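*Asks:* give me the fold of what follows.
(2 chains)
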Amino acid sequence: MEKLIELSVDSSIRVSNKVININKPEYVYIPILPSSKLLVKKGTNVKIGMPLINKGNDIITSPISGEITSIKKVITIKGEIDSIEIKNDFTEVTIKESKLKKNILNIKKEVLDKILDLFKVNLNNKKEIVLNCIDDEPYTLTESFYLFLEYANFLEVLDKLSDIYKVNVSIAVKASNNFSINELMNYLGMYSNIKLEIIPNLYLLGNNKLLLKHLGLEEINTEVIKASNFYHISNFIKKGRLKTDQLITISGNNIAKPSIIRVKIGTSLKEVFKNIKGLGNDSIFLGNGLMSGKEIDINNLVITNDLTSILVMKKETIEKAYKKEEKCLNCGACIDICPVGINPLLLKDKNYKEKNKCLKCGLCSYICPVYINFNYSDIEGDNND
Amino acid sequence: MIKGPILHNTNDKKDLIKKYYLALIPLILFSIYKNGILLYTNDLINISRIFIPIYFYSISILIGFLISKILKDNPKENILMSLIISCTISINTNLIIYPILLFVSLFIGRVIITKSKLKFNLGSFVRITLVLSLLLNSYSYLNIAEKLNKFNYNYFDIFLGLGKGTIGATSILILIISLIILSTSRYYKKIIAIFSSLTFIIINLIIILITKNYNYLDILLNGINYFSFIFLASDLYTSPINKEGKIVYGILIGLLTSILSYIGLVYEASFISIFFLSLFIPLINKINNKKYLKV
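*Replies:* Modelled structure (predicted):
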């Protein structure tokens, strides 16, 4: 674990703890996952929470009420995909929430099992739950804010889970997130079975596997739940509300008022940015951070669960950051720093079997003394996996 | 489209090169004192000969610069290489042959490394060829005071750098400081320097204990081997890339240097070892036991 490092940060980039609700989009676009079953058709009127797409156990529901107007291609952070276009009627009608709403005091284990299964969480035979509230990317506070805004609900649900499944609960928070730590400290006294784990500001400890390693916990006995996922779990358990909205950090050095936005899933960024003031000229927009993110076009991109942050950066900052690559020095720093122990120098090699282990965390490029960019497009990886 | 980290570590190659220069400065200054000022103040040389070490350093800088211009290469790297090499030569090196040989061998070495698939440690290759410029005078690494046995130094004085040796690589104390300076860069391969030095020290101590021949302490306290372990063996381009490889490479260099020193090649042992073993880097690179995290 001594290999993980603290990233050098740019003080000109601003982050904020202000939350803006942008929850009345005119249209939302729900991506149709490959080999999934479409449960609605053009012209159907939908309500919030109504199933739209079914893929195995996954059911994707409508985040707004309105009418399905078309099936069209949209661009998400992961690429181009067909989607259902829903025109908002702004009535915010939900399917019968009372059917879904549970009384947390009387909830039974069998019911909880089913709910958790919906969110790909399994607590049977587990000894620990770790709530992962760590944002790895600098200037991103999305996971931290799920906790910050919802800590009371989170603690209540975690307490119930701990009671029913007989598991220990830890909440992992980055040491730099003073606001979350302070709030939690005030409440934790009431929950003796929940402990706070303050995690050092080292890059990649937000990765579930690396976090477990850092905490000295075994994967087989522990369920790590990201705060973003737990937000939907606790919303479902307490309010019967399915995935309708999400948080996104908007920061950067070319935005006057950075903020955390709460948006409906499937909102187009174009609509979001109509509500964001103080954007500077000559901006470059980066989706998902400075380390593992990429440039995005805010006029075409649609918000999905995979998008956690948008950085509005001055063009000159980005141009300065991209220094000319030089010949490899053979220093081995990229190999030394790789958290999964692969050789980034071989990532271009089609026959390199280990390349699919790549987390795309960007550490190899970050550390390279001659500015080699190892971010090759044919690698499939995700540092949150 | 922009992809990949916008953030970068604050240190880069320039920082490492700076540290190499910084690590060399105390060695160079001490060599000017030992082979010039000290001898002059003891009336062993005339004033013009104070400048011999400075001549070697200056001509090396010039040649490094010239080669960079011809090969359109990074001048800082070439000057650094020739400066490192100049610290390893004898004060008795032929003043005219030295620049010619340095230029030819450095140029040929650079061309071979860049144009062919053959990779070897350039510094040690050049240094081996430079023995020729010493042979044309007399093969000796002793300055005039050492030839006349003018000063009677104890082992601590030798540790400080007053003993016999090459121009700029006698002081183990300064070499330790140089190693510390270089180790502050995460790109410097300190493992190689440490493991080769430790292996060399252990083997020589064993030899001394077995043979009871304390003359080997001179070899043990001769800075030239440690200098080559610190400045040449850890050369980035021609050294193993993974931790296990670096350890094996370091140990093998220390071992081979000890053997060659034992058979009499005291001042060339480390260069021959580094050059020879650098030819096997691709093989050594195959040693890798990294298993940090199974994903």
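
*Asks:* pLDDT value on A:Asn384, please?
*Replies:* Note on A:Asn384: pLDDT of 51.

*Asks:* before we move on, what about A:Glu380?
*Replies:* The model reports A:Glu380 with a pLDDT of 57.

*Asks:* near chain B, which residues of the stretch 101-250 of chain A?
*Replies:* Where the stretch 101-250 of chain A comes near chain B, counting by Cβ under 8 Å from any Cβ of the partner chain, the residues are A:138, A:209-210, A:213. C-beta coordinates here come from the backbone N, C-alpha and C atoms, glycine included.

*Asks:* which one (most neighbours) among those residues?
*Replies:* For these, the largest number of neighbours (other Cβ atoms under 10 Å in any protein chain shown) sits with A:Leu210, at 26 neighbours.

*Asks:* that residue in helix, strand or coil?
*Replies:* helix (DSSP: H, G, I helix; E, B strand; the rest coil).

*Asks:* now the residue nearest to it when sequence neighbours are not counted: phi and psi?
*Replies:* With sequence-adjacent residues excluded and distances taken as Cβ to Cβ, 6 or more residues apart in numbering or on different chains, A:Leu210 is closest to A:Leu204, at 5.3 Å. In terms of degrees, to the nearest 10, the main-chain angles of A:Leu204 are phi 90, psi 0.

*Asks:* now stretch B:26-44: mean pLDDT?
*Replies:* Mean pLDDT, stretch B:26-44: 93.

*Asks:* pull the residues that contact that stretch.
*Replies:* B:45-47, B:49-54, B:57, B:83, B:87, B:91, B:143-145, B:148, B:150, B:161-162, B:167-171, B:174-175, B:177-178, B:227 (Cβ atoms under 8 Å, 6 or more residues apart in numbering or on different chains).

*Asks:* now, of the residues you listed, which are buried?
*Replies:* B:45, B:49-50, B:52-53, B:57, B:83, B:87, B:91, B:143, B:145, B:161-162, B:167-171, B:174-175, B:178, B:227 (16 or more other Cβ atoms under 10 Å in any protein chain shown).

*Asks:* all strands for the stretch 251-385 of chain A, in order.
*Replies:* A:259-264, A:283-287, A:294-295, A:309-314 (DSSP state E, counting those that start in this stretch).

*Asks:* now, of these, which is deepest in the fold?
*Replies:* Each of those was scored by mean neighbour count; the highest is strand A:309-314, a mean of 26, by mean count of other Cβ atoms under 10 Å in any protein chain shown.

*Asks:* compute the inter-axis angle for it and strand A:259-264.
*Replies:* Put simply, strand A:309-314 runs at 130 degrees to strand A:259-264, going by axes from the mean of the first three to the mean of the last three Cα atoms, to 10 degrees.

*Asks:* quick one: distance of strand A:309-314 to the chain centre.
*Replies:* 16 Å (Cα atoms, centre = their mean, to the nearest Å).

*Asks:* how about stretch A:33-40?
*Replies:* Distance, stretch centre to chain centre, for stretch A:33-40: 23 Å (Cα atoms, centre = their mean).

*Asks:* poorly predicted segments of chain A, please.
*Replies:* Chain A contains residues with pLDDT under 70 at A:1-2, A:96-105, A:376-385.

*Asks:* and it, split by domain according to the record?
*Replies:* What automatic domain parsing lists as the domains of chain A is A:19-95+A:242-318, A:102-239, A:323-385.

*Asks:* hmm, the shortest one in reach of chain B?
*Replies:* Yes - contact of domain A:323-385 with chain B is found when judged by Cβ under 8 Å from any Cβ, involving A:323, A:326, A:329-333, A:335-336, A:338-341, A:343, A:345, A:357, A:359, A:362, A:365-367, A:369-371, A:373-375, A:377, A:385.

*Asks:* which members of the residues you listed are classed as buried?
*Replies:* Taking 16+ other Cβ under 10 Å as the criterion, what is buried in the residues of domain A:323-385 next to chain B is A:329-333, A:335-336, A:338-341, A:343, A:345, A:357, A:359, A:362, A:365-367, A:369-371, A:373-375.

*Asks:* OK, contacts around the residue nearest to the spatial centre of chain A?
*Replies:* In chain A, the centroid-proximal residue (Cα atoms, centre = their mean) is A:Thr308; its distance is 4.7 Å. Residues counted as contacts of A:Thr308 (Cβ under 8 Å, 6+ apart) are A:135, A:137, A:140, A:142-143, A:228, A:248-249, A:288-289.
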